[in-house]
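In: Only the shape, not the letters, is given here:
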């Protein structure tokens, strides 16, 4: 592990930053506070800056940790096979975290769930925020059409257009315009997306949990909080329904007025829901 950086990013109070070396790459992390570890795993349209508010807010009571998944933020994506849930294990190992409360959004939610199934003894609770789900097949033709738009813009090298489409899909959601979202959230997501495009490579190969989580939900023994945005894409509501039906101990919360990134757009409401859940499971 390399020495920590002295300067916290984005002007947010951070006690420690640095890099964890994993399989030929370095994953950037940020920590704040002390106590029981609370680890945040970001969405695929973001990086660890998604959790700026949460790192600060929860540091009063927890050792908060967020990191950039490989290919995002300050973490490069080398041409080698990898799995996000195994990277999560390596980050916890390097930071001497035996067990933690996990919070994962979208792609990060899928990784956190795969990790929970792989190493259940290391998970105190699991919060899934508009999560992906390994083994789930998307059949929505409208979503697939938008993915085709994203791919075409990216292949054409029009990264600004690519970021706009992805922001429309996930930050705004299908029922409102991007202009309806506050400017600060729009600009942060734009920056995070553009940085991820610079790191993208066709040579790396990602693997998910094996067997996929969709067929193993009954094996999850920790308490789960499932948070959705009311304005998110229909496919995310379907995934939430699958999770609610398959998980043994799950609390479901829907945050109004937000789509795929409630922790960013409605941070106050999100933090209140998460804090209440953490207090319940810590009794």
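Out: The structure has been received and is ready for your questions. These figures come from a predicted structure and were not determined experimentally. Residues are numbered from 1 along each chain as shown.

In: What residues of stretch 144-151 count as buried?
Out: Within stretch 144-151, the residues that count as buried by 16 or more other CB atoms under 10 Å are 146, 150. Quick note: C-beta positions are derived from backbone N, CA and C, even for glycine.

In: List the buried residues of stretch 20-28.
Out: Judged by neighbour count (16+ other CB under 10 Å), stretch 20-28 contains these buried residues: 20, 22, 25, 26, 27, 28.

In: Now do the same contact list for the third one.
Out: If I follow you right, that is residue 25. Counting by CB atoms under 8 Å, 6 or more residues apart in numbering, residue 25 touches 70, 75, 76, 77, 78, 80.

In: and what of residue 89?
Out: By CB under 8 Å, 6+ apart, residue 89 lies in contact with 115, 118, 119, 122.

In: Is it in a helix, a strand, or coil?
Out: Per DSSP: H, G, I helix; E, B strand; the rest coil, the secondary structure class of residue 89 is helix.

In: Return the distance of residue 157 relative to residue 190.
Out: 17 Å (CB to CB, to the nearest Å).

In: So of the contacts of residue 25, which two are at opposite extremes in space?
Out: Greatest spatial distance in the contacts of residue 25: 75 and 80, 13.3 Å, computed using CB to CB.

In: out of those two, which sits in the busier spot?
Out: residue 75 (23 against 12; other CB atoms under 10 Å).

In: what bits of this structure have low per-residue confidence?
Out: 1-14, 202-206, 208-209 (pLDDT under 70).

In: what's the distance between the residue most central in space within it and residue 198?
Out: In the chain, the residue lying closest to the centroid (CA atoms, centre = their mean) is residue 42, at 2.4 Å. The span separating residue 42 from residue 198 equals 17 Å under the rule CB to CB.

In: again, but for residue 189
Out: Residue 189 is 15 Å from residue 198, by CB to CB.

In: which ones are touching residue 214?
Out: Applying CB under 8 Å, 6+ apart, the residues contacting residue 214 are 133, 134, 135, 136, 242, 246.

In: For the helix ranked longest in the chain, list every residue counted as buried.
Out: Longest helix of the chain, by residue count under DSSP state H: helix 183-199. Buried residues in helix 183-199, counted by 16+ other CB under 10 Å: 185, 186, 188, 189, 190, 191, 192, 193, 195, 196, 199.

In: Give me the residues contacting that helix.
Out: Contacts for helix 183-199 (CB under 8 Å, 6+ apart): 45-47, 49-50, 71-73, 75-77, 154, 159-160, 162-164, 166-167, 170-171, 178, 261, 264-265.

In: That one: how far from the chain's middle?
Out: How far helix 183-199 lies from its chain's middle: 15 Å, per CA atoms, centre = their mean, to the nearest Å.

In: hmm, back to that, looking at the contacts of residue 89, spot the one nearest residue 149.
Out: residue 115 (31.8 Å).

In: What count of nearby residues applies to the closest one?
Out: 27.

In: what's the answer for the one 4 residues further on, then?
Out: Counted with other CB under 10 Å, residues neighbouring residue 119 total 15.

In: Could you do residue 90 as well?
Out: The burial count assigned to residue 90 is 14, neighbours taken as other CB under 10 Å.
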